[in-house]
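In: Take this sequence and fold it.
(one chain, ligands or ions: 1)
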Amino acid sequence: MNINGISYRAIWPEQDGSSVNIIDQTRLPHDFSVIQLTDLSSAAQAISTMQVRGAPLIGATAAFGVALAMQENASDFGLKAACDVLLATRPTAVNLRWALERMQSVLSAASDIDRVKIAWQEAKLIADEDVEINRSIGVNGLPIIRALWEKKRNPVNILTHCNAGWLATVDWGTALAPIYAAHDAGIPVHVWVDETRPRNQGASLTAWELQQHGVQHTLIVDNVGGHLMQHGQVDMVIVGTDRTTAQGDVCNKIGTYLKALAANDNNVPFYVALPAPTIDWRIQNGVTEIPIEQRDGAEVSHISGLDATGKVVVVNIAPVDCQVANYAFDVTPARLVTGLITERGVCAASKDGLLGLYPEQMA
Ligand SMILES: CSC[C@H]1O[C@H](OP(=O)(O)O)[C@H](O)[C@@H]1O
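Out: Next up is the predicted model:
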């Protein structure tokens, strides 16, 4: 995406051919900082500390992490150890497992001496495929927004939760891809941006993305969405996902389920944008089968931001030593999802709907 006239991806190989660059998303929106990942450890840390986050970007970073690891130890032991380290970084986004299984499959068939070259080739392919997949999600989601525009002939109000923009992928994003496509097609859209406590990906990442692209938006607290829907101020909801099951249950950032309930209660269309690598064909029931990450309570009790001098500070908003629970995701049952927007088209959130787009997955 374009930042001040310069085109960026969220991750890209360095010219030296042996390292990879990322935007440190823990420093946005106040500081745009590019950092180099030079080894397995830095790649794993980037994922676990959320310097990079978002299911597709986690997968791409893990793929490059394997390439970095092969530079250190390209043996069978080194390959397995690297994949184990990367898989342990975060439990919920299935793209991580998908990317590591793909890298292991390609590299296991290669001789040790060829693994560095092949790993970089495959990681770059995964990244390039992600860009094209997300561009297609934008194309496929555009007609939904266009139909709302043609019906109301006023700006289309879209609510989104967390960040499923280009910062959550290699480029274009998933949930934001149709919004960018509509904006670029001249359709007036306005985005209600859930701040998305506790990591505030909406406030710090989605608002920043939309501002950079010139898309009208309003930052809101997570709990106002239902009120806006009751008052006819939301025409549709579109979110991303970290793992969607074979029957269409959608795991996404904590709070998504509550938005889906409010949308259902107010007859507001609730769409989920996802690429194929985010579909977990091995499971059916998202509520009982998807591992929900629990993160450090300090992410809830503490918050960072600019002080009056423009310095980024962290403050405690809770009583010291207060007990904290920090569930990072929840699961929206397929019955609450209007449709899934994929790179192959839009389908119902159901087994038949998904198999209709991905017939190769039929057992
Ligand atoms: C396109 S995947 C975006 C997805 O990932 C986010 O989680 P996190 O920031 O913790 O990686 C959130 O669930 C987004 O919807």
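In: Would you agree residue 237 falls within a strand?
Out: Yes - counting by DSSP: H, G, I helix; E, B strand; the rest coil, residue 237 is found in a strand.
In: show me the contacts for the residue of the stretch 51-200 of the chain found nearest the ligand.
Out: Residue nearest to the ligand within the stretch 51-200 of the chain: residue 53 (3.4 Å; Cβ to the nearest ligand atom). For every residue, glycine as well, the C-beta is placed using N, CA and C. Applying Cβ atoms under 8 Å, 6 or more residues apart in numbering, we find residue 53 in contact with 25, 47, 168, 201.
In: can you do 7 Å?
Out: Going by Cβ atoms under 7 Å, 6 or more residues apart in numbering, residue 53 touches 25, 168.
In: And the pLDDT at it?
Out: Looking at residue 53, its pLDDT reads 98.
In: Strands of the stretch 251-363 of the chain, residue ranges please.
Out: Ranges of strands within the stretch 251-363 of the chain are 270-273, 279-280, 302-306, 312-316, 329-332, 339-342, 345-347, based on DSSP state E, counting those that start in this stretch.
In: nearest to residue 14, of the ones you listed?
Out: strand 312-316 (26.5 Å; Cβ to Cβ).
In: Quick one: list the elements packing against the closest one.
Out: If contacts are counted by 3 or more Cβ pairs under 7 Å, 6 or more residues apart in numbering; DSSP states H and E, strand 312-316 sits against strand 302-306.
In: one more time with 10 Å, if that's ok
Out: Packing partners of strand 312-316 (3 or more Cβ pairs under 10 Å, 6 or more residues apart in numbering; DSSP states H and E): helix 298-301, strand 302-306.
In: Relative to the ligand, which residue of the stretch 251-363 of the chain is the closest?
Out: Across the stretch 251-363 of the chain, the shortest distance to the ligand (Cβ to the nearest ligand atom) belongs to residue 253, at 3.4 Å.
In: can you list the residues of the protein near the ligand?
Out: By Cβ under 6 Å from any ligand atom, the residues of the chain that approach the ligand are 53-56, 162, 164, 168-169, 174, 201, 239-240, 242, 252-253, 328.
In: So which of the residues you listed belong to strands?
Out: Of the positions in the residues of the chain next to the ligand, 239, 252-253 sit in strands, assigned by DSSP state E.
In: any chance you could map the strands in the stretch 1-150 of the chain?
Out: Along the stretch 1-150 of the chain, counting by DSSP E, counting those that start in this stretch, strands occupy 2-3, 6-7, 11-13, 20-23, 34-37.
In: And the contacts of the fourth one?
Out: Under the criterion Cβ atoms under 10 Å, 6 or more residues apart in numbering, residues 3, 8-15, 32-38, 42-43, 46-47, 51-52, 57, 60-61, 63-65, 67-68, 120, 123-124, 127, 167 lie in contact with strand 20-23.
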